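Undergrad: Give the three-dimensional model of this entry:
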Amino acid sequence: MRLERKDLLSSIVHEQPYPLLFATISGAHLYGFPSRDSDYDLRGVHVLPLRDAIGQRATRDTIESSGVRDGVELDLVTHDALKFFQLLLKRNGYVLEQLTSPLIVHTTAEHEELKALVPQLVTRHHAHHYLGFVRTQWRLFEKDRRVKPLLYVYRVLLTGIHLMQTGVVEANLVRLNDSFRLAHVEELISQKITGEENASMEGADLSFHTREYERLTVELENARETSSLPDGPACIGALNDLLVRVRLSFDSAMRGAEGAEGTV
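TA: Residues are numbered from 1 along each chain as shown. The predicted structure is shown next:
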């Protein structure tokens, strides 16, 4: 990520209405195959004031915004800490990838604590997330034969297999393919990086990719069945304790900031 773009993304983070536990980059940049015109997908966790979190008024548990800033297309989605923590306790690969993304725009000590709990959050049932997601991406590829959904097919399958085998969240297809060594994946990544975001595939061998899709799907299903990962998360209590501390510490900081502004 070029420095000037990191500065731009950081400025957007600081404009948010609530303090952030963390903000990371997801999407093609995280997956290792951004095109020259790829947008930036910012994902993170915001912390609502305590009075809003425990009151009866409707709260903004999800904040979404998108647009173009200084020629850069941006898409930002953050969830309140409670919602995000609840998603972590489900078989949701998205939030694990966002939490563990190495492309960090904003972080806190609590973000580091949360990442430390990831090994206790991963279960064999996260395979269901990747199996469901890959079916959607395969249908998109069959519909319009673009490079992007086909790369997503391989990215999702290899991430899922790797997770079942190692318990480690790895969303970067370049690093994943260092282990799987699929020559056609390397070629697709090169096409995506040097081409346009929605480039179509000319002369795509549908029968070959169909066989690979089916083979890797079976491999993911087998990896789930033979995985040593547990059936459920093992840190529900620790996650609850962290949420309580986040609520109290962030609320204290927000009240302190409000008081400081009032004395100016």
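Undergrad: residue boundaries of the helices in the stretch 1-150 of the chain?
TA: 3-14, 27-31, 50-54, 81-88, 93-100, 109-116, 118-121, 126-144, 147-166 (DSSP state H, counting those that start in this stretch).
Undergrad: Please name the nearest non-neighbouring residue to Y154.
TA: Using Cβ to Cβ, 6 or more residues apart in numbering and skipping the chain neighbours, the partner closest in space to Y154 is V185 (5.1 Å). (Each C-beta comes from the backbone N, C-alpha and C, glycine too.)
Undergrad: residues near the one you found, how many?
TA: The local packing of V185 (other Cβ atoms under 10 Å) involves 22 other residues.
Undergrad: Per-residue confidence, L242, what does it come out as?
TA: Looking at L242, its pLDDT is 98.
Undergrad: for the one 4 residues further on, same thing?
TA: As summarised for this prediction, V246 has a pLDDT of 96.
Undergrad: Could you list the buried residues of whichever strand or helix holds it?
TA: Using DSSP states H and E, V246 maps to helix 236-263. Residues of helix 236-263 classed as buried by neighbour count (16 or more other Cβ atoms under 10 Å): A238, L239, L242, L243, V246, R247, F250, D251, M254.
Undergrad: Out of those, the closest to R145 would be?
TA: Nearest to R145 among these is L239, at 42.3 Å by Cβ to Cβ.
Undergrad: ok, for the closest one, nearest residue in space, not its chain neighbours?
TA: F85 (5.6 Å).
Undergrad: Contacts only, for the closest residue to L50 other than its chain neighbours.
TA: Spatially, and ignoring its direct neighbours in sequence, L50 is nearest to D251 (4.0 Å; Cβ to Cβ, 6+ apart). Applying Cβ atoms under 8 Å, 6 or more residues apart in numbering, we find D251 in contact with V47, P49, L50.
Undergrad: Report the buried members of those residues.
TA: So, by 16+ other Cβ under 10 Å, the buried ones in the contacts of D251 are V47, P49.
Undergrad: hang on, isn't the residue nearest to L239 packed against L243?
TA: Yes. Here F85 reaches L243: they are 5.3 Å apart, a contact under Cβ atoms under 8 Å.
Undergrad: In the chain, where is pLDDT below threshold?
TA: By pLDDT under 70, the weakly predicted segments of the chain are 1-4, 58, 202-203, 257-264.
Undergrad: if we go to 80?
TA: 1-6, 56-58, 196-204, 256-264 (pLDDT under 80).
Undergrad: The most centrally placed residue in it and S10: what is the separation?
TA: Residue closest to the average C-alpha location in the chain (Cα atoms, centre = their mean): Q98, at 3.0 Å. As judged by Cβ to Cβ, to the nearest Å, Q98 and S10 stand 17 Å apart.
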